[in-house]
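[1] A structural model of the following input is requested.
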Amino acid sequence: CPAVGDFPSVGEGQISPSTCPEGFRGYAYRECHDGVLGDVKNDKCEYKLPEKLAYENNNMEFVLNTEVSSGIPSYRNIIEEFYMQDSTPLPEGLKIDAKTGEITGMPIALMDSKAFTVRAKNPAGETYAAITMHVRKGYCMPEGVFERTDVGEVAVYECSQQGSYVGTQTRACVLGKKDGEWQKASGVCVSVVVIVVLMVVVVVIIAVVVLLAMKTHKKKAVGGVKGKAVKTAAAKKTATKTVKV
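    Below you'll find the model as predicted:
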């Protein structure tokens with residue numbers, strides 16, 4: 001029988017051996033019959049033990065009430081099923097994918113760091129990975145003048161902390177897809193120097209307005225006296241003419 005792929009040529013009635021598929025040990029073979037190699041047979045192949053199961057980060061930190069994922073673990077050889085050890089079931093809201101080993105879901109309760117055991121098996125045996133999980137409340141990272149703030153709280157910044165400033169700024173931290181997210185800040189910080197300058201300008205403007213008003217009033221008063229004198233003189237002239245008649 002002529003060779004086929006990784007199976008070498010052999011004589012009639014003999015077997016042509018080759019390696020087993022990845023994850024198996026032993027050998028695969030094909031029988032030579034009537035000058036042709038038969039189908040591949042794997043009954044001499046056995047599973048290798050699964051080993052070196054590990055997640056990218058075996059110390060997992062999840063945020064409360066967000067969609068989380070452990071990522072798919074790495075391992076050697078074949079794994080047919082992933083599952084949690086009975087003594088360390090996953091927290092409520094989380095589950096493990098039996099085919100991939102990925103832990104997903106939405107944690108619904110806070111939890112301090114706790115140890116868990118993920119197990120994986122095939123017909124030859126099993127392996128495991130020790131992991132820790134921590135479920136925390138979301139928070140917003142420090143940004144600008146605002147310090148780290150928990151989700152659901154409002155950060156308050158007193159402008160006086162900058163020195164010669166007055167006013168208050170506030171910024172709310174809300175839960176985003178992965179963690180806390182800052183909202184737009186409200187309020188402003190104003191320099192004391194700017195306030196003083198503005199006050200001086202306002203005082204000057206008021207003073208100028210008052211001065212102009214006083215000048216206008218004085219001119220009107222002088223005009224009114226002259227008009228009264230002319231009217232009196234005219235009245236006397238009329239009275240004199242009447243006497244002469």
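[2] so which helix or strand takes in the residue lying closest to residue 111 once chain neighbours are set aside?
    Counting by CB to CB, 6 or more residues apart in numbering, residue 111 lies nearest to residue 135, which is 4.1 Å off, once chain neighbours are set aside. Yep, even glycine has a C-beta here, placed from its N, CA and C like the rest. Following DSSP states H and E, the helix or strand that holds residue 135 is strand 125-136.
[3] and what of residue 32?
    In the assignment (DSSP H and E), residue 32 maps to strand 24-33.
[4] list the contacts of the residue most central in space within the chain.
    Nearest to the centroid of the C-alpha atoms of the chain, with distances taken as CA atoms, centre = their mean, sits residue 179, at 4.3 Å. Shown here is residue 179, whose contacts under the criterion CB atoms under 8 Å, 6 or more residues apart in numbering are 63, 66, 138-140.
[5] now with 7 Å, please.
    Residues in contact with residue 179 (CB atoms under 7 Å, 6 or more residues apart in numbering) are 63, 138-139.
[6] what does residue 108 give?
    Taking CB under 7 Å, 6+ apart as the definition of contact, the neighbours of residue 108 are 65, 92-93.
[7] reformat these as CSV; add neighbour count.
    What follows is these, written out as CSV (neighbours: other CB atoms under 10 Å):
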residue, neighbour count
65, 16
92, 11
93, 16
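[8] give me the below-cutoff pLDDT ranges for this protein.
    Residues of the chain that meet the criterion pLDDT under 70 lie in 192-199, 207, 217-245.
[9] can you give me the helices for it?
    Chain-ordered helices for the chain, with DSSP state H as the definition, fall at 192-244.
[10] from the rest of the structure, what touches stretch 23-42?
    Around stretch 23-42, the neighbours that count as contacts under CB under 7 Å, 6+ apart are 1, 4, 7, 10-20, 44-48, 77-78.
[11] next, the distance between the ends of it.
    13 Å (CA to CA, to the nearest Å).
[12] just the buried residues of it, please?
    Buried residues in stretch 23-42, defined by neighbour count with 16 or more other CB atoms under 10 Å: 24, 28-32, 37.
[13] circling back: go ahead and build a PyMOL selection from the buried members of the contacts of stretch 23-42.
    Taking 16+ other CB under 10 Å as the burial criterion, the selection of buried members of these in PyMOL is written as:
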select buried, resi 1+7+10+15+16+20+45+47+48+77+78
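[14] can you count the residues close to the closest residue in space to residue 99 that isn't next to it in sequence?
    Spatial nearest neighbour of residue 99, chain neighbours left out: residue 82 (7.3 Å); criterion: CB to CB, 6+ apart. Residue 82 sits with 23 neighbouring residues when counted by other CB atoms under 10 Å.
[15] what residues are bridge-paired with residue 82?
    Legend: beta-bridge partners of residue 82 under DSSP bridges are residue 120.
[16] tell me the contacts of it?
    For residue 82, the set of contacting residues under the criterion of CB under 7 Å, 6+ apart consists of 96-98, 101, 118, 120.
[17] for the contacts of residue 179, which one is nearest residue 130?
    When the contacts of residue 179 are compared for distance to residue 130 (CB to CB), residue 63 comes out closest, at 22.5 Å.
[18] wait, isn't the closest one in contact with residue 134?
    No: applying CB atoms under 7 Å as the test, residue 63 and residue 134 come out as separate, 10.0 Å apart.
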